[in-house]
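Asker: From the sequence below, what's the structure:
(2 chains)
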Amino acid sequence: NAGVTQTPKFRILKIGQSMTLQCTQDMNHNYMYWYRQDPGMGLKLIYYSVGAGITDKGEVPNGYNVSRSTTEDFPLRLELAAPSQTSVYFCASSPHNPGEGNTIYFGEGSWLTVV
Amino acid sequence: RKEVEQDPGPFNVPEGATVAFNCTYSNSASQSFFWYRQDCRKEPKLLMSVYSSGNEDGRFTAQLNRASQYISLLIRDSKLSDSATYLCVVKWSGGSYIPTFGRGTSLIVHP
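Answerer: Numbers count the residues shown, from 1 in each chain, chains lettered A, B, ... in the order given. Coordinates of the predicted model:
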């Protein structure tokens, strides 16, 4: 039962490099999200998608891009990495059922350090 | 702006104690409410949803006060294994129905 799978788990980038964090879910969820979590802080929404072909900015989108070509996949691309992007990145998904009891499922996180 | 506020703590309690956390939210159009638990260096995991009438799951009780715009989590008979960060999550109605997380409340249960 895979759920939400993120890769890589750990990565060190040099300033100015680019990379893509991969995220895939096998639960046929419409909604997918990318959050970042800095030490001692809450999760901040970077981008989200409400279905294949639809993406939108969250609270902290600068320096990132996403795409959603399929229901399953929601990769996050970092262009021109900066030290401020050192963080833990969580991908998540949820079904779209307005009302109570709508669980959000998280991947295990990707630890990114920019040096 | 849609805010979800939590006291970061830490709440330091002995085993067997009862502890309660509150979480306030700014937007009265909030639709759904949850408590998530996050262990150190792990992903958040659902602890419980919060229903309008309040709900209980073993030692955990969640309540919603829409008039005052807060939710609460009560933990009875605290265990060492309850040590974690507890995240309040609110989903807003209308538009995209996207969850917003509080920064979390840290709980440390000691022997």
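Asker: Quick one: the strands in the chain, in order.
Answerer: Going with chain A. For chain A, applying DSSP state E gives strands covering A:4-7, A:10-13, A:19-25, A:31-37, A:43-51, A:54-57, A:64-66, A:76-78, A:87-94, A:105-106, A:110-114.
Asker: my bad, the chain I had in mind was chain B
Answerer: Using DSSP E, the strands of chain B run over B:4-6, B:11-14, B:19-25, B:30-38, B:45-50, B:55-57, B:60-65, B:70-75, B:84-92, B:99-101, B:105-110.
Asker: Adding mean neighbour count, mean pLDDT and distance to residue A:90, write the ones you listed out as TSV.
Answerer: The C-beta positions use only the backbone N, C-alpha and C, and glycine is treated the same way. Shown next, in TSV, are the strands of chain B (neighbours: other CB atoms under 10 Å in any protein chain shown; pLDDT from 0 to 100; distance: least, CB to CB, whole Å):
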stretch	mean neighbour count	mean pLDDT	distance to residue A:90
strand B:4-6	19	92	17
strand B:11-14	14	97	24
strand B:19-25	19	95	20
strand B:30-38	21	88	10
strand B:45-50	19	92	11
strand B:55-57	13	93	24
strand B:60-65	18	95	23
strand B:70-75	20	96	21
strand B:84-92	23	91	11
strand B:99-101	23	87	10
strand B:105-110	18	97	18
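Asker: want to throw those into JSON lines with distance to residue A:113?
Answerer: Shown next, in JSON lines, are these (distance: least, CB to CB, whole Å):
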{"stretch": "strand B:4-6", "distance to residue A:113": "27"}
{"stretch": "strand B:11-14", "distance to residue A:113": "30"}
{"stretch": "strand B:19-25", "distance to residue A:113": "31"}
{"stretch": "strand B:30-38", "distance to residue A:113": "20"}
{"stretch": "strand B:45-50", "distance to residue A:113": "25"}
{"stretch": "strand B:55-57", "distance to residue A:113": "37"}
{"stretch": "strand B:60-65", "distance to residue A:113": "35"}
{"stretch": "strand B:70-75", "distance to residue A:113": "33"}
{"stretch": "strand B:84-92", "distance to residue A:113": "22"}
{"stretch": "strand B:99-101", "distance to residue A:113": "23"}
{"stretch": "strand B:105-110", "distance to residue A:113": "24"}
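Asker: Enumerate every residue touching the residue in chain B positioned nearest to chain A.
Answerer: Nearest residue of chain B to chain A, counting by CB to the nearest CB: residue B:103, 3.4 Å away. Residue B:103 makes contact with A:40, A:41, A:42, B:6, B:8, B:87 under the criterion CB atoms under 8 Å, 6 or more residues apart in numbering or on different chains.
Asker: show me the contacts for residue B:28.
Answerer: Residue B:28 touches B:66, B:69, counting by CB under 8 Å, 6+ apart.
Asker: So stretch B:42-52, near chain A or not?
Answerer: Yes: Stretch B:42-52 is in contact with chain A by CB under 8 Å from any CB of the partner chain, via B:42, B:43, B:44, B:45, B:46, B:49, B:51, B:52.
Asker: Residues contacting that stretch, please?
Answerer: Around stretch B:42-52, the neighbours that count as contacts under CB under 8 Å, 6+ apart are A:43, A:90, A:100-104, A:106-109, B:32-38, B:55, B:57, B:60, B:62-64, B:66, B:71, B:73, B:86-87, B:101.
Asker: ok, now with 7 Å
Answerer: Applying CB atoms under 7 Å, 6 or more residues apart in numbering or on different chains, the contact partners of stretch B:42-52 are A:90, A:100-101, A:103, A:106-109, B:33-38, B:55, B:57, B:60, B:62, B:64, B:71, B:87.
Asker: Thank you kindly, that will do.
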